[in-house]
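J.: what's the 3D shape of this:
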Amino acid sequence: MKIVHVINQFPPNITAGLGRYAEEIVPHLAGHRPLAVFTLNDTGDRPVHERRGAVTVYRPPGRILGALGRRRRLNRTRRTEFALLAANVVASNWRYFLRLLRAGRSGRPDLVAVHDSTNFLAGLLCHYVLRLPVVLHVHTTEYGVAPQRSITDPLGVFAAVERWLGRIARRVVVATPEVRDQLTAAGWDPAAMDVVCLGGTFERVLADPGLDRDGLRTGAAALRARLGIPAGDPVLLFVGRLERQKGVYQLLEAMPRIAAAVPGLRLVLVGEGDRDGIERIAAEAGLEGRVLTSDGFVDGRALLEYYTMADACVFPSLFEPFGLVATEAMALARPTILGDGFSRIFLGDPERPATRFVRAADPGDIARCVIDVMTDPELRRALAENGERFVRERLSWARAAEETLAVYRSALKGAAPRSR
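T.: Down below sits the predicted model:
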């Protein structure tokens, strides 16, 4: 089974959960199977052709767009940069198609896995022109069924394309039952959808017996000092894009009440996006020094240190197709608060809940829950233990890869796999 994955992020281009997904699952999907990844040349100067173990990577040059982007990662939360990114995606999709067309029938894959509606051109051309089976992975439906849609699709173009791809795809893969149900309510065919739950971002890192946990704690202490947070003051951590869908504005609205109830508390926001707006809102609310932001996207060991520094984490998303940040915080035994845009799978055992849920659109509910967690050491301990256990026992990239491959085999046979 020869598979081509069309996906916008692939290491070293990791700026969101999609990149982390690709980094974790592709090695499991590859195994001894021929597998190729067609992805963006995000800075314009990455290798066009690369071999990574059993994986062949193709990144179209994109020199002009790379130069326009000043050879840096584009911030999709800004309209102009999103437009530039979209142009890069469409141009790259055309090059993917040309590469497959020139390969001839014998050089083409058995199946094309298209990740998200932004890669609509490659999916449609592979289906209509090359007559290749297409499987659509829906990682985000913020353009379509998400309650809070992205400002980057005011005319609903991506939403319409998303539905079109869903109709022509042999199978549609989603990460949670909630996304399946939302797509079904929007008119998608439930018989064509398969739920494949993901693994945890830090699965490999935490399984490494050589992980230097003492070093992480030392790094977290140094990070706290750089941020100017006294050793005894509590830290509440948010990780994600600084935009409406992630609930960051409701969290800021809740902060004056939280700050009044939890002396010395600092809210640390890690991610790229509307940093200027965040700082302006914090200043207007009198929260100078109580709300701190990172310098853009954070990954690798630096991100581990942010989590290690935190006393609790809050991700009040209005909508999440899965939410790898939840797996990150819980895997590191950080008490975690989630918005009701997350899947209820993260609750785990209701008798021993792995997380607390809040109404993401309600700043008062966010404030009440954060105050409860930050002022109750026993509650924090229970959430930390139950969350870590949930991720360790329930989430696995190996399982996710095997279930994904079962969907691909089913697509090639033209039959639906057993519902999960």
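
J.: so what's the closest residue to residue 305 other than its chain neighbours scoring on pLDDT?
T.: Here the nearest residue to residue 305 in space, its sequence neighbours aside, is residue 219; by C-beta to C-beta, 6 or more residues apart in numbering that works out to 4.2 Å. Where C-beta positions appear, they are placed from N, C-alpha and C, glycine not excepted. pLDDT for residue 219: 96.

J.: is it true that residue 4 lies in a strand?
T.: Yes - looking at residue 4 with DSSP: H, G, I helix; E, B strand; the rest coil, it is inside a strand.

J.: Hmm, it is touching residue 113, no?
T.: Yes - Residue 4 is in contact with residue 113 according to C-beta atoms under 8 Å; the separation is 7.0 Å.

J.: mind showing which ranges of the protein have poor pLDDT?
T.: Applying pLDDT under 70 to the chain picks out residues 32, 62-82, 141-155, 415-420.

J.: which residues does residue 60 contact?
T.: 41, 48, 91, 92, 95, 96 (C-beta atoms under 8 Å, 6 or more residues apart in numbering).

J.: If we use 6 Å, what do you get?
T.: Applying C-beta atoms under 6 Å, 6 or more residues apart in numbering to residue 60 gives the contacts 41, 92, 95.

J.: Now do the buried residues in whichever strand or helix holds the second one.
T.: When you say that, I think you mean residue 92. Following DSSP states H and E, one finds residue 92 within helix 79-107. Buried residues in helix 79-107, defined by neighbour count with 16 or more other C-beta atoms under 10 Å: 81-82, 84-86, 88-89, 91-93, 95-97, 99-100.

J.: pull the CA atoms of the next helix-or-strand element following that helix into CSV?
T.: Proceeding N to C from helix 79-107, the next assigned helix or strand is strand 111-115, under DSSP H and E. What follows is strand 111-115, C-alpha atoms only, in CSV (Å, rounded to 0.1, in the frame of the first residue of the first chain):
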residue,chain,number,x,y,z
LEU,A,111,-4.1,6.3,-2.0
VAL,A,112,-3.8,10.0,-1.2
ALA,A,113,-4.5,11.2,2.4
VAL,A,114,-5.5,14.9,2.3
HIS,A,115,-5.2,16.6,5.7
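
J.: Could you list the paired strands of strand 111-115 along with their orientation?
T.: strand 3-6 (parallel), strand 134-137 (parallel) (DSSP bridges).

J.: Now tabulate those strands in JSON lines and tack on distance to residue 213.
T.: Conversion of these to JSON lines gives the following (distance: least, C-beta to C-beta, whole Å):
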{"stretch": "strand 3-6", "distance to residue 213": "34"}
{"stretch": "strand 134-137", "distance to residue 213": "34"}
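
J.: possible to save the ones you listed as a markdown table with mean neighbour count?
T.: Formatted as a markdown table, those follow (neighbours: other C-beta atoms under 10 Å):
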| stretch | mean neighbour count |
| --- | --- |
| strand 3-6 | 25 |
| strand 134-137 | 25 |
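
J.: Which one of the ones you listed lies nearest to residue 278?
T.: strand 134-137 (30.9 Å; C-beta to C-beta).

J.: Please state the offset of that closest one from the chain centre?
T.: 18 Å (C-alpha atoms, centre = their mean, to the nearest Å).

J.: how far out from the middle of the chain is whichever helix or strand comes after that strand?
T.: Counting by DSSP H and E, the next helix or strand C-terminal to strand 134-137 is helix 157-168. Here the centre of helix 157-168 is set off from its chain's centre by 20 Å, with C-alpha atoms, centre = their mean.

J.: Just the buried positions in helix 157-168, please.
T.: Using 16+ other C-beta under 10 Å as the test for burial, helix 157-168 gives 158, 159, 161, 162, 163, 165, 166.

J.: which helices and strands sit right next to it?
T.: If you count contacts as 3 or more C-beta pairs under 6 Å, 6 or more residues apart in numbering; DSSP states H and E, helix 157-168 packs onto helix 120-128.

J.: all strands of the chain, in order?
T.: Counting by DSSP state E, one finds strands in the chain at the ranges 3-6, 35-38, 49-52, 55-58, 111-115, 134-137, 171-174, 193-195, 235-239, 266-270, 291-293, 312-315, 336-339, 356-358.

J.: Any chance of CSV for those strands, columns distance to residue 212?
T.: Below are these laid out as CSV (distance: least, C-beta to C-beta, whole Å):
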stretch, distance to residue 212
strand 3-6, 33
strand 35-38, 31
strand 49-52, 26
strand 55-58, 29
strand 111-115, 33
strand 134-137, 35
strand 171-174, 36
strand 193-195, 36
strand 235-239, 21
strand 266-270, 21
strand 291-293, 25
strand 312-315, 22
strand 336-339, 23
strand 356-358, 30
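
J.: what about those, which gets the closest to residue 17?
T.: Closest among the strands of the chain, using C-beta to C-beta: strand 235-239, at 10.2 Å.

J.: picking up where we left off before, what's the closest of the strands of the chain to residue 386?
T.: strand 336-339 (9.8 Å).

J.: Alpha carbons of that closest one, as PDB, please.
T.: Output in PDB follows, covering the C-alpha atoms of strand 336-339 (Å, rounded to 0.1, in the frame of the first residue of the first chain):
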ATOM      1  CA  THR A 336      -5.900  20.800  33.700                       C
ATOM      2  CA  ILE A 337      -9.100  22.900  33.000                       C
ATOM      3  CA  LEU A 338     -10.700  22.500  29.500                       C
ATOM      4  CA  GLY A 339     -13.300  24.500  27.700                       C
END
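
J.: Which neighbouring elements make contact with that strand?
T.: strand 312-315, helix 324-331, strand 356-358.

J.: which neighbours does that strand have in its sheet, and in what orientation?
T.: Strand 336-339 is paired, per DSSP bridges, with strand 312-315 (parallel), strand 356-358 (parallel).

J.: Check what contacts the shortest one and list those residues.
T.: Meaning strand 356-358. Taking C-beta under 6 Å, 6+ apart as the rule, strand 356-358 contacts 316, 337, 338, 339, 340, 365, 366, 369.
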